[in-house]
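Novice: Provide a 3D model corresponding to the input given below.
(2 chains)
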Amino acid sequence: MKILVPVKRVIDFNVKPRVKADQTGVDLANVKMAMNPFDEIAVEEGLRLKEKGNATEVIAVSIGPQAVQETIRTALAMGADRGILVKAEGPVEPLAVAKILKGICDEEQPGLVILGKQAIDDDSNQTGQMLAALLGWPQATFAHRLELGDGSARVEREIDGGLQTLEVKLPAIVTTDLRLNEPRYASLPNIMKAKKKPIAEKTPADYGVDTAPRLKVLKVTEPPKRLAGVKVKTAAELIDKLKNEAGVI
Amino acid sequence: MASLVIAEHDNKSLKDATAKTVAAATQLGAPVHVLVAGRDCADVANAAARLSGVEKVLLADSPAYETMLAEAMEQLIVGLAPNYEAFLAPATSNGKNYMPRVAAKLDVPQISEILAVESPDVFRRPIYAGNAIETVQAPAGKKVITVRTTAFKPVDDIGSAPVERVELSAEQGLSRFVSEELSKSERPELTSARIIISGGRGLQSGENFHLLEKIADKLHAALGASRAAVDAGFVPNDYQVGQTGKVVAPDLYIAVGISGAIQHLAGMKDSKVIVAINKDEEAPIFQIADYGLVSDLFKAIPEIEQELTRLGY
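Specialist: Numbers count the residues shown, from 1 in each chain, chains lettered A, B, ... in the order given. Predicted coordinates:
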């Protein structure tokens, strides 16, 4: 069974994003970029399934400008077998990403697609679910634990009230939550080896997909700022303020 | 054409998130219908019928919808789609799960976690964990929207809309509910509590959360936690407040031993009053706190408890 893992290149999660003065977006020039953290968890889960003998091949896909090749190389250095780079300029919305991934699934016939539950740039939380709908496959989002059985997967999911366990028939879509695993670091020898692993280059047109955005971004602004208040000296003073000044207790 | 709000509930009671989503839907200007999908959930439908501004409630009562599996919800909502222009669900773990499937089937983009309706086709939503706010215009055609419920005030419940049953056959078999392990608590739910007290890594262990419980009991507060505390295994995942956990906006948020990582702040910075208790004076949480107490929490928390007891809480 093949496992497909889509990976997205985003601002490194340690970098505080800055809104551009002209309100057209967030400044990405000269900013450190990295693999979306939820996608790293997805790659790791794919690799663990392969190491357990549940999968034969892990394929990393990324959609974007030539630079997303670095993100695919990161996945290959972690242990993925090969990459697919779908070259597209400008932002590609989740629905277009899902359509391209559907095209890749039709070609590659993976038994499982593991995606990050959301990207930390647009925070959409859509692509996995959309891909599942387009393929007519079952989904298990926000995975906390994943176990493969015979023709099915048992997935423990993080939900608002606690945890929920689902059984989905394969092929299926799984999206990762934070606590599914802790991704490995790529070792130097593996980084060297990754340079020789194949990356196929494609375009959205190869899958018949138009990536022109359908939502129009009118502006991007800073959130309202919250100012620091006062420091209190004692617990008694704190309670007094909450009761008599703020009136919240 | 009308807007359809998909109700959040547990088959017994209607969740507050629904009334807030109805508030957002009302701002689109079209009549609002509410879909209650579940099993033996007539009480929920009756509660939804009382929400002000709701014109009609659709009740899809079937075992297929008992646990709101995404595949079944997609089929149901897409089946109703010809009659509606807009679809809105709260951005709960359910709404986030099924709504993008609906959008994909309708071949429209989804607009996730809206904070405000600027006009019937223009919305504001957070990106980059709330570090930026995007104003987007939806294309003509059907709209699929999830709503960040902390940004909207719930509508009243003084209405009386008719309840109409809908029967749509749902194909099943792709996925199956196995079990659920819900945290049991006598305390209010995190997303609707008026007061929340949250602990971070500074608590040092799960046992030490009992210190916070005593105060939570006195103030009828919900208990929350930072991602660091959840990752360390102090408390279960559903306690997590933050960009990837729950987004909350109570009247009072007390952060104890939480340094204030960006992703935590994204989940609570819209609280009315924020209190920070931390021994590190430089902790970023103090930059957004209305009241800061620089103190060892193991000293401060018992003192707060004593003071509350003294005042008769």
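Novice: what's near enough to touch residue 144?
Specialist: Picked chain A for this. By Cβ atoms under 8 Å, 6 or more residues apart in numbering or on different chains, the contact list for residue A:144 reads A:155, A:156, A:157, A:158, A:163, A:177, A:179, A:180, B:237. To be clear about C-beta, it is placed using only N, CA and C from the backbone, and glycine gets the same treatment.
Novice: My question was about chain B, not that one.
Specialist: By Cβ under 8 Å, 6+ apart, the residues touching residue B:144 are B:86, B:87, B:99, B:100, B:102, B:103, B:106, B:108, B:109, B:110, B:111.
Novice: quick one, phi/psi of it?
Specialist: Here is the backbone geometry of residue B:144 (degrees, to the nearest 10): phi -120, psi 120.
Novice: Need the nearest residue in space to it, chain neighbours excluded.
Specialist: Nearest residue to residue B:144, sequence neighbours excluded (Cβ to Cβ, 6 or more residues apart in numbering or on different chains): residue B:103, at 3.9 Å.
Novice: What mean pLDDT does whichever strand or helix holds the one you found get?
Specialist: Here residue B:103 sits within helix B:93-106, counting by DSSP states H and E. The predicted model gives helix B:93-106 an average pLDDT of 98.
Novice: Please identify the buried residues of that helix?
Specialist: By neighbour count on 16 or more other Cβ atoms under 10 Å in any protein chain shown, the buried set for helix B:93-106 is B:93-106.
Novice: Tell me the first helix or strand C-terminal of that helix.
Specialist: Reading on from helix B:93-106 to the C-terminus, the next helix or strand found by DSSP H and E is strand B:110-114.
Novice: on that earlier part again, which residues are contacting the helix holding residue B:103?
Specialist: A:94-95, A:98, A:125-134, A:139, A:141-142, A:157-160, B:6, B:8, B:68, B:70-71, B:73-74, B:77-78, B:81, B:87, B:89, B:109-110, B:112, B:142, B:144, B:146-147.
Novice: Looking at the contacts of residue B:144, which is nearest chain A?
Specialist: Chain A has its nearest neighbour among the contacts of residue B:144 in residue B:100, at 3.6 Å by Cβ to the nearest Cβ.
Novice: Would you map the helices across the stretch 201-313 of chain B?
Specialist: Along the stretch 201-313 of chain B, counting by DSSP state H, counting those that start in this stretch, helices occupy B:209-219, B:227-231, B:262-268, B:297-310.
Novice: In CSV: those, plus distance to residue B:122, mean pLDDT and mean neighbour count.
Specialist: Converted to CSV, the helices of the stretch 201-313 of chain B look like this (distance: least, Cβ to Cβ, whole Å; pLDDT from 0 to 100; neighbours: other Cβ atoms under 10 Å in any protein chain shown):
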stretch, distance to residue B:122, mean pLDDT, mean neighbour count
helix B:209-219, 39, 96, 18
helix B:227-231, 33, 94, 22
helix B:262-268, 23, 90, 24
helix B:297-310, 44, 97, 17
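Novice: closest one to chain A among those?
Specialist: helix B:297-310 (3.6 Å).
Novice: Distance from the chain centre to that closest one, please.
Specialist: What separates the centre of helix B:297-310 from the centre of its chain is 30 Å, taken as Cα atoms, centre = their mean, to the nearest Å.
Novice: for that helix, packing partners?
Specialist: In terms of contacts (3 or more Cβ pairs under 8 Å, 6 or more residues apart in numbering or on different chains; DSSP states H and E), helix B:297-310 is packed against helix A:235-240, helix B:209-219, strand B:273-278.
Novice: So which other helices or strands are in contact with the longest one?
Specialist: Yep, that's helix B:209-219 we're talking about. Contact here means 3+ Cβ pairs under 8 Å, 6+ apart; on that basis helix B:209-219 packs against strand B:195-199, strand B:222-225, strand B:252-256, helix B:297-310.
Novice: Buried ones in stretch A:163-177, by neighbour count?
Specialist: Those would be A:163-168, A:170-177, for stretch A:163-177 by 16+ other Cβ under 10 Å.
Novice: now do stretch B:41-54
Specialist: Within stretch B:41-54, the residues that count as buried by 16+ other Cβ under 10 Å are B:41, B:44, B:45, B:46, B:47, B:48, B:49, B:50, B:51, B:52, B:53, B:54.
Novice: and which of the residues you listed is nearest to residue A:151?
Specialist: For these, the closest approach to residue A:151 (Cβ to Cβ) belongs to residue B:41, at 32.6 Å.
Novice: Identify the residue spatially nearest to that closest one, adjacent ones excluded.
Specialist: Using Cβ to Cβ, 6+ apart, the closest residue to residue B:41 is residue B:11 (4.6 Å).
Novice: Test my guess that that neighbour contacts residue B:66.
Specialist: Yes. Judged on Cβ atoms under 8 Å, residue B:11 makes contact with residue B:66 at a distance of 6.7 Å.
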